[in-house]
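Enquirer: task: produce atomic coordinates for the following.
(one chain, ligands or ions: 1)
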Amino acid sequence: MGRALIIGAGGVAGVVVHKCCQNSEVFEEICIASRTKSKCDALKEKLDGGKTQITTAQVDADNVSELVQLINSYKPDIVMNIALPYQDLTIMDACLETKTNYMDTANYEPLDTAKFEYKWQWVYKEKFEKAGITALLGSGFDPGVTGVFSAYAAKHYFDEISEIDILDCNGGEHGYPFATNFNPEINIREVSAKGSYWEYGKWIETEPMEIKRTYNFDEVGEKDMYLLHHEELESLAINIKGIKRIRFFMTFGQSYLTHLKCLENVGMTSIIPIEYEGKQIVPLQFLKAVLPDPASLGPRTKGKTNIGCIFTGKKDGKEKTYYVYNVCDHQECYKEVGSQAISYTTGVPAMIGAMMVMTGKWDAPGVYNIEEFDPDPFMEALNKWGLPWKENFRPVLVD
Ligand code: NDP
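Expert: Here you go, the predicted structure:
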């Protein structure tokens, strides 16, 4: 069928590469390109020998002309941005210049401000339309599958959705006192920011971790969860018509929170550079360097994740509730692709999103959030490619 250029060679990219190779009918050829080429070569070595032809390349994705050169020489059908949110705009620029489809798993965030928003990427809409290419934004799990779940609920079960609660539970234990499940810098920026939710047309801001609830998750058990701001809230508030409230909750253990508070209190989570022995360093970047690499958590992590959405609304004039979620086992993921479930639950939807664009199932020039496309083929692919979902029509609601 085609050829994909995968940018990044970290925890999530490792899963993407495995999944593309499993799906060699669609991904006949892939090129893994990243800043550190040895990581791309290591992935190629693991997976070479199958039907998918793998090549590797070195690229600085902050540099548009380097990207353009690579895209022009490889001529992919799609560029899969599995690097970091900081690279979104440079990769989109290179895709525009070369008229190549684009997808990512996280929205743009400037390096010097902890503020992720879609506005920077949404302004590309007209340019992508004119170039006749598609940009698919946020094709991970959250954002990603949570948007697909929302589009699916709206299409099949509701005339009107009034509330969405997104619940992201990680019941996994890695045995370290403190480690993050994906890129530590991005993760800590996200969880130390103020919380917020959407209600009656406006954002309500909360202090970080101010709102706490307890929920009994299927196959995991009871966990404390906290309200966070999360990027899909921004697009769902616009794309799910008539929505009155959307909230996002994530579970955290007490050890994680205690460590985070302490690191915050001593200034280690700051993104403002300081001078140390004549050199400028960013405390959070230094912290990342001393924390366990998320990619190394795979063999140690046991337990399950449970991520999904609870919808309330109306169908045929009657009140209705619906909960759709996926449960994923860390050890099963490790057995299959050598990664824990957080990378797995992001990498599988990234592969599926690229497949939707490459196969023409999702075919519209412009810049789109995932919930703007037909959810049905994606939902089917989730069952096939390792993230089967479950439904519950009488869920316990979050107060
Ligand atoms: P990692 O830090 O493990 O990997 C990032 C990769 O990007 C590394 O290989 C890194 O290279 C590469 N990279 C960074 N900067 C550049 C650059 N300038 N040029 C080329 N390559 C670069 O991160 P993860 O794999 O954990 O996360 C990947 C993405 O997935 C992130 O954007 C994250 O926000 C997103 N994510 C999305 C989720 C979702 O559900 N939607 C959930 C979890 C993550 P090097 O090895 O040299 O450092």
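Enquirer: hmm, who's touching the strand or helix carrying A4?
Expert: Taking DSSP states H and E as the criterion, the element that holds A4 is strand 2-7. The contact list for strand 2-7, computed with Cβ atoms under 8 Å, 6 or more residues apart in numbering, reads 13, 16-17, 20, 26-34, 59, 61, 67, 70-71, 74-83, 87, 91, 100, 354, 358. Heads up, the C-betas are built off the backbone N, CA and C, glycines and all.
Enquirer: show me which of those are buried.
Expert: Buried positions within the contacts of strand 2-7, assessed by neighbour count (16 or more other Cβ atoms under 10 Å), are 13, 16-17, 20, 26-34, 59, 61, 67, 70-71, 74, 76-83, 87, 91, 100, 354, 358.
Enquirer: so which of those residues are in helices?
Expert: Taking DSSP state H as the definition of helices, the buried ones among the contacts of strand 2-7 contribute A13, V16, V17, C20, L67, L70, I71, Y74, I91, A354, M358.
Enquirer: measure the third one to the ligand for me?
Expert: Distance, V17 to the ligand, using Cβ to the nearest ligand atom, to the nearest Å: 11 Å.
Enquirer: test my guess that that residue contacts I30.
Expert: Yes - using Cβ atoms under 8 Å, V17 and I30 qualify as a contacting pair, with a distance of 6.8 Å.
Enquirer: shared neighbours, those two?
Expert: Overlap of the contact sets of V17 and I30 (by Cβ under 8 Å, 6+ apart) consists of I6, I54.
Enquirer: can stretch 221-230 be found next to the ligand?
Expert: No - contact check for stretch 221-230 against the ligand, using Cβ under 6 Å from any ligand atom: none in range, with a minimum separation of 9.4 Å.
Enquirer: which positions within that stretch qualify as buried?
Expert: Within stretch 221-230, the residues that qualify as buried by neighbour count (16+ other Cβ under 10 Å) are K223, D224, M225, Y226, L227, L228, H229, H230.
Enquirer: also stretch 51-71?
Expert: Burial within stretch 51-71, assessed by neighbour count using 16+ other Cβ under 10 Å, is assigned to 52, 54, 56-57, 59, 61-62, 64, 66-68, 70-71.
Enquirer: what bridges to the most centrally placed residue in the chain?
Expert: Using Cα atoms, centre = their mean, the residue of the chain that lies closest to the mean C-alpha position is G140, 3.4 Å off. Taking DSSP bridges as the rule, G140 bridges to G144.
Enquirer: next one: G221
Expert: Taking DSSP bridges as the rule, G221 bridges to F217.
Enquirer: that one contacts C169, doesn't it?
Expert: No - taking contact to mean Cβ under 8 Å, the distance of 9.4 Å between G221 and C169 leaves them out of contact.
Enquirer: show me what from this structure comes close to the ligand.
Expert: Residues of the chain lying near the ligand (Cβ under 6 Å from any ligand atom): 8-13, 34-36, 39, 59-62, 82-85, 87, 105-106, 140-144, 182-183, 186, 294-295, 346.
Enquirer: restricted to strands, list those.
Expert: Judged by DSSP state E, strands contain the following of these: S34.
Enquirer: what about K320, distance to Y215?
Expert: Distance, K320 to Y215, using Cβ to Cβ, to the nearest Å: 20 Å.
Enquirer: who has more neighbours, the two?
Expert: More crowded of K320 and Y215, by other Cβ atoms under 10 Å: Y215, with 21 against 18.
Enquirer: list the beta-bridge partners for the residue nearest to K75 when sequence neighbours are not counted.
Expert: Counting by Cβ to Cβ, 6 or more residues apart in numbering, R3 is the residue found nearest to K75 once chain neighbours are left out, at 7.1 Å. Partner residues in beta bridges with R3, using DSSP bridges, are E29.
Enquirer: next, count neighbours for R3.
Expert: Every residue meeting other Cβ under 10 Å relative to R3 is counted, giving 18.
Enquirer: for C31, see how far away it is.
Expert: Taking Cβ to Cβ as the measure, R3 falls 8 Å from C31.
Enquirer: show me the common contact partners of these two, please.
Expert: With contacts defined as Cβ under 8 Å, 6+ apart, the residues shared by R3 and C31 are Y74, P76.
Enquirer: not counting sequence-adjacent ones, nearest residue to D142?
Expert: Leaving aside its sequence neighbours, D142 sits nearest to D168 (Cβ to Cβ, 6+ apart; 5.7 Å).
Enquirer: now do the contacts for that neighbour.
Expert: With contact taken as Cβ under 8 Å, 6+ apart, D168 is in contact with D142, M225, F248, F249, M250, T251, T305, I307.
Enquirer: partner residues bridging it?
Expert: For D168, the beta-bridge partners under DSSP bridges are M250, I307.
Enquirer: what pLDDT does it get?
Expert: The model reports D168 with a pLDDT of 97.
Enquirer: for A114, same thing?
Expert: Looking at A114, its pLDDT stands at 66.
Enquirer: give the contact list for the residue of the stretch 251-399 of the chain at minimum distance from the ligand.
Expert: Taking Cβ to the nearest ligand atom as the measure, the point where the stretch 251-399 of the chain comes nearest the ligand is T346, at 4.0 Å. With contacts taken as Cβ under 8 Å, 6+ apart, T346 has the following neighbours: V12, V15, T105, G140, F141, G144, F182.
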